[in-house]
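> Turn this into a model:
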Amino acid sequence: MKIKTLLLFSALTSAVTVNSQDKNKTTMNPFFETYTTPYQVPPFDLIKNEHFKPAILEGIKKQEAEINAIVSNKQKPTFENTVLAMENSGKLLARVSTVFYNLNSANTNEEIQAIAKELAPKLSAHNDNIYLNDALFKRVKTIWDNQKNFKLNKEQAKILENLYKNFVRSGANLSEENKKRLREINSEMAVATLKYGQNILAETNSYELVISDKNDLAGLPNELIETAASDAKAKGKAEKWVFTLSNSSVMPFLQYSSNRKLRQEIWNAYQMRANNNNDKDNKELAIKIANLRGEKARLLGYETHADYVLEKSMAKNPETATKLLMDLWTPALNMANKEAADIKQMMLKDGIKDEVQPYDWRYYAEKIRKERFDLDEQEMKPYFSLEKTREGVFTVCKNLYGLQFKQLNNVPKYHEDVTVWEVTEANGNHIGILYMDFHPRASKRGGAWMTSYRTQKMENGKRIAPVVSIVCNFTKPTENAPALLTFDEVSTFFHEFGHALHGLLSNVTYESLAGTSVPRDFVELPSQIMENWAAEPEVMRMYAKHYKTGEVISDKLIEKMQKAGTFDQGFVTTEYLAASLLDMQYHTQKGNISVDAETFEKEAMNKINLPSTIIPRYRSTYFNHIFAGGYSAGYYSYIWSGVLDTDAFEVFKTNGLFNQDYAKLFRKNVLEKGGTEDPMELYKSFRGAEPSTAPLLRKRGLDQVK
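The predicted model follows:
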């Protein structure tokens, strides 16, 4: 997953003070005090689990009072006394929620998970109490219907539009009977989606492949073996090796282990997560969530959940999004079939007459890459240390936008692995604070994402600087080497940093419009365009330096990487498209799904003729993006944004990788604007035209496939 969004309220705000009477009731809870930390970041060193529940409940109480004050205001509704008052409400609740839900993802424990489960229905009810408040909606609607009389600027008009549509999309126009049912649906979904995500984390953490015989390590790279030995030692299993379902462990194991039986074992554990008929099983939850979403959409007057979601996207409707996916499906599948045939031939050379299985793909693809391009990923990894890659990201940001990065050692953080950085303009002006958290642990869910602890806004004419975080699960350092990344991990680092820039460089008035508060299929543009710089030879020479010798990566190795650039893209694109189409199948149902999740998934994949050699990138029981992560009917967004980012990067390829004029245009029209304008208009302001799909097809090598 490449970005994290808290689905609580439109405003996620900063510090708040309380009066002395409230203070006496809430002594020693850091959430009730003004943050006195450097840059007013959360005081992680003072925050304890026991602080969350009372602070969230008090936050609900305070926002209820703020909403009641708006409703009971006897003055005629105005932008200031209604829309802006709502924009500024809920500061305490949002302040606590940002910390709580970010920790629930990045550094959770059983107590935090229990609190989240207990509070989920309360927070759902609170949200409903706001958006199903007839008197409040009446005030908002009055302003909406008479907005011409208020002389609103662009941003004011946009937050009014968003607010009015949020009310309507939240059920404000429903009958009392339907509002009651909507509340029930929202409450059930809040608990179900939370449970779904918790089950995946538990299932991921519960599995270990323990190897006792050194011969079973055949083919594995040394640093992976060292990491497995270190993990085993930490788990009290000295002289053994432990491999887990963390991507940084399972994926290289599948890529390099010559033991087909063990590849099959760990693969089955990976693809059967939350599908083991135990108390962590997600099969029923997936169907329940999809059906609840469908019922809610129909209740609100939409044909399907996808229609409801995509109304606010660039695609506008599921038909447009699905068409893009299917336009790419045939060339991707054709290429994948050719790749499978190559793997089959390689397996025959090894004396294996079986059909190609999913657990064979990565292993033989790596062998073919080495044979065809003389390129071994292990040959590249020594050049991609985490530290040097970070320096490369910083250099790209400096060359494009003049940004400076300074590590801070006097700032509280939520885990010892985290580093904290001040981001400034070239002239030293403060932009924001960046947290970076890179390595897997049992308390962190899988994947990679960006999130915020404070969102940018203007207050009394002063820019309130954002506090953002990127969280990843990269390969750990070992006793003998620093953290060495695969190039896929390098690309992920650049990707998440693009999201971070979107949050850091935001320059809007109202925080509900700031940074990443844009449609799903536009939010991936800033992240995915950054990936392009990672692979450019000119840029690679800046950061790809051997961790032992300091030697810059050779032109010969770069050339090999470029020649292999479209290798295995049939597989990569097909597994992604399969997951995107599975997402669409779940969320374009016009009635309740009556079969189990396994049957539904199988039927959906049969419709598109997905071969047995490939499974969707995420199966139904561990598709966190769509069932617990805010990407329902939106997983297609990555490929939609892929069209945007490849088209946008053509400007830099043509006019210079660090062309200042285009960098300023991209910053001004995309990174700074947040959700203040229609995303296609923002894109055209940068590019001068709507995007073409041709660059994407070329990049993936799909333009020649029929």
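
> continuing past the lowest-mean-pLDDT helix or strand in the chain, what's the next helix or strand?
Lowest mean confidence among the helices and strands of the chain (mean pLDDT, DSSP states H and E): helix 20-25, at a mean of 38. For helix 20-25, the succeeding helix or strand toward the C-terminus, using DSSP states H and E, is helix 49-71.

> pLDDT (mean, whole number) over that following helix?
The average pLDDT for helix 49-71 rounds to 98.

> again with stretch 425-439
pLDDT averaged over stretch 425-439 gives 98.

> And what about residue 450, helix, strand or coil?
strand (DSSP: H, G, I helix; E, B strand; the rest coil).

> okay but it is in contact with residue 466, surely?
No. Taking contacts as CB atoms under 8 Å, residue 450 lies outside contact range of residue 466: 11.2 Å. (C-beta placed from N, C-alpha, C; glycine too.)

> Comparing these two, which shows the higher neighbour count?
Taking neighbours as other CB atoms under 10 Å, residue 450 and residue 466 compare with residue 450 leading, 29 against 25.

> And the residue nearest to residue 560 when sequence neighbours are not counted, what's its pLDDT?
Of all residues not flanking residue 560 in the chain, residue 375 sits nearest, at 4.4 Å (CB to CB, 6 or more residues apart in numbering). According to the prediction, residue 375 has pLDDT 94.

> Return the distance of residue 375 relative to residue 587.
According to CB to CB, to the nearest Å, residue 375 and residue 587 sit 39 Å apart.

> just residue 163 next, same as before
The gap separating residue 163 from residue 587 is 25 Å, by CB to CB.

> More neighbours: which of these two?
Neighbours were counted for residue 163 and for residue 587 using other CB under 10 Å; residue 587 has more, 24 against 20.

> Surely that one touches residue 309?
Yes. Contact status for residue 587 versus residue 309: in contact at 7.1 Å, counting by CB under 8 Å.

> Overlap of the contact sets of the two?
By CB atoms under 8 Å, 6 or more residues apart in numbering, residue 587 and residue 309 have these common neighbours: 632-633.

> Most distant residue from the centre of this structure?
For the chain, the residue at maximal distance from the C-alpha centroid (CA atoms, centre = their mean) is residue 74, at 43.2 Å.

> What are the phi and psi values at it?
Phi and psi for residue 74, reported as degrees, to the nearest 10, are phi -80, psi -10.

> again with residue 97
With angles defined as degrees, to the nearest 10, residue 97 sits at phi -60, psi -40.

> I'd like the average pLDDT over stretch 660-672.
In this model, stretch 660-672 has a mean pLDDT of 98.

> Keeping just the C-alphas, turn it into CSV.
Output in CSV follows, covering the C-alpha atoms of stretch 660-672 (Å, rounded to 0.1, in the frame of the first residue of the first chain):
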residue,chain,number,x,y,z
GLN,A,660,13.8,24.4,-13.0
ASP,A,661,10.9,25.9,-15.0
TYR,A,662,9.0,22.7,-15.2
ALA,A,663,9.9,21.8,-11.6
LYS,A,664,8.4,25.1,-10.5
LEU,A,665,5.3,24.4,-12.6
PHE,A,666,4.8,21.0,-11.1
ARG,A,667,5.3,22.3,-7.6
LYS,A,668,2.9,25.2,-8.1
ASN,A,669,0.2,23.3,-10.0
VAL,A,670,0.3,19.9,-8.3
LEU,A,671,2.3,19.7,-5.1
GLU,A,672,1.2,23.0,-3.6
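
> Just give me the neighbour total for residue 232.
So residue 232, with other CB under 10 Å, has 20 neighbours.

> Could you look up the SS state of it?
Strictly by three-state DSSP, residue 232 counts as helix.

> how about it, what does it touch?
So residue 232 contacts 210, 238-242 (CB under 8 Å, 6+ apart).

> can you check residue 529 too?
By CB under 8 Å, 6+ apart, the contact set of residue 529 is 498, 644-645, 648-649, 666.

> Find the nearest non-adjacent residue to it, please.
For residue 529, ignoring the flanking residues on the chain, the nearest one in space by CB to CB, 6+ apart is residue 645 at 4.1 Å.

> contacting residues around that neighbour?
Shown in contact with residue 645 (CB under 8 Å, 6+ apart): 524-525, 528-529, 531-532.

> mind checking pLDDT for it?
97.

> Next, the buried residues of the helix or strand it falls within.
Secondary structure assignment for residue 645, by DSSP H and E: helix 637-655. Buried residues in helix 637-655, counted by 16 or more other CB atoms under 10 Å: 637-652.

> So for that helix, could I get the coordinates as PDB, restricted to C-alpha?
What follows is helix 637-655, C-alpha atoms only, in PDB (Å, rounded to 0.1, in the frame of the first residue of the first chain):
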ATOM      1  CA  SER A 637      -5.700   4.400  -9.200                       C
ATOM      2  CA  TYR A 638      -2.100   3.300  -9.500                       C
ATOM      3  CA  ILE A 639      -2.400   2.600 -13.200                       C
ATOM      4  CA  TRP A 640      -4.500   5.700 -13.800                       C
ATOM      5  CA  SER A 641      -1.800   7.800 -12.100                       C
ATOM      6  CA  GLY A 642       0.700   5.700 -14.000                       C
ATOM      7  CA  VAL A 643      -0.700   7.300 -17.200                       C
ATOM      8  CA  LEU A 644      -0.300  10.700 -15.600                       C
ATOM      9  CA  ASP A 645       3.200  10.200 -14.200                       C
ATOM     10  CA  THR A 646       4.800   8.800 -17.400                       C
ATOM     11  CA  ASP A 647       3.200  11.500 -19.500                       C
ATOM     12  CA  ALA A 648       4.400  14.200 -17.000                       C
ATOM     13  CA  PHE A 649       7.900  12.800 -16.800                       C
ATOM     14  CA  GLU A 650       8.200  13.100 -20.600                       C
ATOM     15  CA  VAL A 651       8.600  16.900 -20.000                       C
ATOM     16  CA  PHE A 652      11.700  16.300 -17.900                       C
ATOM     17  CA  LYS A 653      13.100  13.600 -20.200                       C
ATOM     18  CA  THR A 654      12.800  16.100 -23.100                       C
ATOM     19  CA  ASN A 655      13.800  19.300 -21.400                       C
END
